[in-house]
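In: Sharing a sequence plus its predicted fold:
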Amino acid sequence: MAIAIVFMQPDIKALAIHPMDQFNIIPLFGDHTGPLHWYTPTNATLWMATTVVVIVLLLVLGTSGRAMVPSRSQSVGELLYGFIYKMVEDVAGKDAVKFFPYIMTLFLFIMVSNFLGLIPMSFTTTSHIAVTAILALLVFITVTIVGFVKNGAGFLGLFWVSSAPLPLRPILAIIELISYFVRPVSHSIRLAGNVMAGHAVIKVFAGFAGALGVFAFMPILAITAVYALEVLVAFIQAYVFTILTCVYLKDALHPSH
């Protein structure tokens, strides 16, 4: 009887799944307790540097030949260039094209970081709000400065809904002002939350695959489906972050409602 009870008990250790451990910041050398702990390279540092290297290899070395019949890397670089350029021109207007290098850099950094994070045993830098918040704050500060430099006090017209009835305009101005300062919060949380959620789900299914034995094929099928979805999400989230940047830039260049 005792043997039967032991046999029926689940393997608690096998079912111990820690999906959030993959997002831990781990120092590459030493630890965070020494006097130079602020300068200790971490896994986040490593994968952000890897992202920069991949972008340089793709856009600098991959297109250095500039052949009439482009290679695969040159074709990818040209497609990305044309895709982002058209996005900036269509969404923010032709006068926003001067900001194309910045927007292109944002898109590539986020997209490549997302794709690198899908490599087993890698680290997804865009899953951390500390990274996405900096990217969103840079967009927010840049757009605000551009708005005031180009329009002066006229930039405040962004918050004054002139098409609304006069009694409602002050209330709408307060709502517009609050929504404006909430932009970097939603901008950053949307990216980090979507990336983190997908990776956590994959880790949960992987834990079940290790615990179910002969029935492991079921969570493996689920992992395959979620992984395919995450490949799509990796591109879509970079696209959403970038197109919102273009929308905010359009508001700065043309603030009147």
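Out: Done, it's in. Numbers count the residues shown, from 1 in each chain.

In: contacting residues for Thr45?
Out: Counting by C-beta atoms under 8 Å, 6 or more residues apart in numbering, Thr45 touches Leu28. Bear in mind the C-beta positions are built from the backbone N, C-alpha and C, glycine included.

In: Could you report the distance from it to Ala238?
Out: Going from Thr45 to Ala238 by C-beta to C-beta, to the nearest Å gives 21 Å.

In: and what of Arg169?
Out: 37 Å.

In: Who has more neighbours out of the two?
Out: Set side by side, Arg169 and Ala238 show more neighbours around Ala238, with 22 against 16, by other C-beta atoms under 10 Å.

In: what's the helix or strand for the more buried one?
Out: Using DSSP states H and E, Ala238 sits within helix 217-253.

In: List the buried residues of that helix.
Out: 219, 222-223, 226, 230, 233-234, 237-246, 248-253 (16 or more other C-beta atoms under 10 Å).

In: Quick one: low-confidence residue ranges for the stretch 1-150 of the chain.
Out: Across the stretch 1-150 of the chain, the ranges flagged by pLDDT under 70 are 1-16, 30-38.

In: where do the helices sit along it?
Out: 2-8, 43-56, 72-92, 100-116, 129-151 (DSSP state H, counting those that start in this stretch).

In: starting at the chain centroid, how far to the longest one?
Out: In terms of C-alpha atoms, centre = their mean, to the nearest Å, the gap separating the centre of helix 129-151 from the centre of its chain is 16 Å.

In: and what of the third one?
Out: Taking C-alpha atoms, centre = their mean, the mean C-alpha location of helix 72-92 is offset from the chain mean by 18 Å.

In: nearest spatial neighbour of Leu168, skipping sequence neighbours?
Out: Once flanking residues are discounted, Leu168 sits nearest to Val161: 7.7 Å by C-beta to C-beta, 6 or more residues apart in numbering.

In: so where's the longest helix in the protein?
Out: Under DSSP state H, the helix in the chain containing the largest number of residues is helix 169-211.

In: Now do the phi/psi pair for Ser122.
Out: phi -90, psi -170 (degrees, to the nearest 10).

In: Enumerate every residue touching it.
Out: 47, 116.

In: what's the burial count for the closest residue to Ala164 other than its chain neighbours?
Out: The spatial neighbour of Ala164 that comes closest, neighbours along the chain excluded (C-beta to C-beta, 6+ apart), is Leu172 at 5.5 Å. By other C-beta under 10 Å, the residues close to Leu172 number 16.

In: And Leu28, by the same measure?
Out: Neighbour tally, Leu28, other C-beta under 10 Å: 11.

In: What separation do you get for it and Thr45?
Out: Distance of Leu28 to Thr45, computed by C-beta to C-beta: 7 Å.

In: just to revisit the earlier point, so the residue nearest to Ala164 sits against Leu158, correct?
Out: No. Contact criterion C-beta atoms under 8 Å: Leu172 and Leu158 do not qualify, at 11.5 Å.

In: which residue is nearest the middle of this structure?
Out: Geometric centre of the chain, nearest residue: Leu191, 4.3 Å, by C-alpha atoms, centre = their mean.

In: How about the contacts made by the residue lying closest to it once chain neighbours are set aside?
Out: Leaving aside its sequence neighbours, Leu191 sits nearest to Thr132 (C-beta to C-beta, 6+ apart; 4.6 Å). When contacts are counted by C-beta under 8 Å, 6+ apart, Thr132 touches 126, 187-189, 191-192.

In: if you set the cut-off to 6 Å instead, what comes out?
Out: By C-beta atoms under 6 Å, 6 or more residues apart in numbering, Thr132 lies in contact with 126, 188, 191-192.

In: Just among the residues you listed, which is most surrounded?
Out: Thr126 (29 neighbours).

In: if I look at that residue, how far off is Asn114?
Out: Taking C-beta to C-beta, one finds Thr126 at 6 Å from Asn114.

In: just Tyr248 next, same as before
Out: In terms of C-beta to C-beta, Tyr248 sits 21 Å off from Asn114.
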